[in-house]
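Participant: Compute the structure for the input listed below.
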Amino acid sequence: MTFPSTLVDLILCPKDLGILSVCEPAEVDRIATGAVRCRKCNARYEIVDGILRLFPGQRPLDSVARDEQRTRDLKAENYDAHFSDVANRVEISTILQESTPLAGVTVLDLACGTGRVTVRLLQRARKVLACDLSEESLRVLAQKIGTTENLGLVWADIVQMRIAPETIDLAVSTQLFEHIPTLEQRAEFLEGVRAALKPEGVFLLTVYFYSFLRRFLRKQQQGFHAGGIFYRRFTRAEIEAEMSGFFRIAKLRPIQIDPRLLASLLTDTSWAAAGLEKTFLRELVGHLLFVKAIKKPVVSVPN
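Facilitator: Here you go, the predicted model:
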């Protein structure tokens, strides 16, 4: 895996938001092992096995994020098995169908994991910048892809990471938002995405849905998965409230019928989940909310 030098100047220094540039090796198109340096503060960040390692220069993680990072590193090799074929097909097809035309655009894939969405974006987009908290997950993704000219992998805390303003056409985030534990951290993340997008840029995300059936069954709204990964399920109103200061929501709908909830009603859930996906029942038993959001301009207040 190599990191394309053309993607380096899209990324800002975690210390002072200075622009990064390649310092070694000089004048190469793709970097397997090397370094970049901040033009403002001179901070240096390594590229190892084609992965730009921003994480060491960011603020230390809190205990919740550290636990998540440790768990995701440990489970990276087998992470893809966590998703059924039906679940993947519904979520990924929704993202691809709602994407702006990808030919010639630059995509920011936030919390890309081992690349189940990234590999599909690469087939269509001009450039993809894929970022994750788990370095081991990025290594798994690199093994899948091999050498390519249009993918840059970044090891970073997504909440803190900043991209050069108005350089991204499309941002994508699948099942990340629910793992950001505080309102303040989620707002920091949303502002970073909003700033990175070009005017009228699009942000597509999926997030755990606190469905009617979950509320009826009194399932907890937030807690911890095995391994200590925090999660929170969101209602429509909660997502709208948190995103409204940064984005105009163009579409908001439940997707991916949750077979685990259907298991309490049916013996064979796989056919039922697929068959019910296009019915109103996804409002009742959907696992995810899909959101298509458009960047809001910053409104200046006159003195």
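
Participant: isn't R120 right next to L96, touching?
Facilitator: Yes: under the criterion of CB atoms under 8 Å, R120 makes contact with L96 at 6.1 Å. The C-beta positions use only the backbone N, C-alpha and C, and glycine is treated the same way.

Participant: Report the buried residues of stretch 120-140.
Facilitator: Neighbour counts over stretch 120-140 (16 or more other CB atoms under 10 Å) mark 120-122, 125, 127-140 as buried.

Participant: What distance separates the opening and closing residues of that stretch?
Facilitator: 16 Å (CA to CA, to the nearest Å).

Participant: distance between it and the chain's centre?
Facilitator: Counting by CA atoms, centre = their mean, to the nearest Å, stretch 120-140 is centred 10 Å from the centre of its parent chain.

Participant: do the same with stretch 49-57
Facilitator: Chain-centre distance of stretch 49-57: 17 Å, with CA atoms, centre = their mean.

Participant: what do you get for stretch 204-211?
Facilitator: The chain centroid and the centroid of stretch 204-211 are separated by 13 Å under CA atoms, centre = their mean.

Participant: now do stretch 185-200
Facilitator: That offset, for stretch 185-200, works out to 12 Å (CA atoms, centre = their mean).

Participant: That stretch: which residues count as buried?
Facilitator: Across stretch 185-200, burial judged by 16+ other CB under 10 Å covers Q185, R186, A187, F189, L190, G192, V193, R194, A195, A196, L197.

Participant: In helices only, show me those.
Facilitator: Using DSSP state H, Q185, R186, A187, F189, L190, G192, V193, R194, A195, A196 are the members of the buried residues of stretch 185-200 that sit in helices.

Participant: Narrow the buried residues of stretch 120-140 to those in strands?
Facilitator: K127, V128, L129, A130, C131, D132 (DSSP state E).

Participant: Run a quick check on the last one versus G113, I expect a contact.
Facilitator: Yes: D132 is in contact with G113 according to CB under 8 Å; the separation is 6.0 Å.
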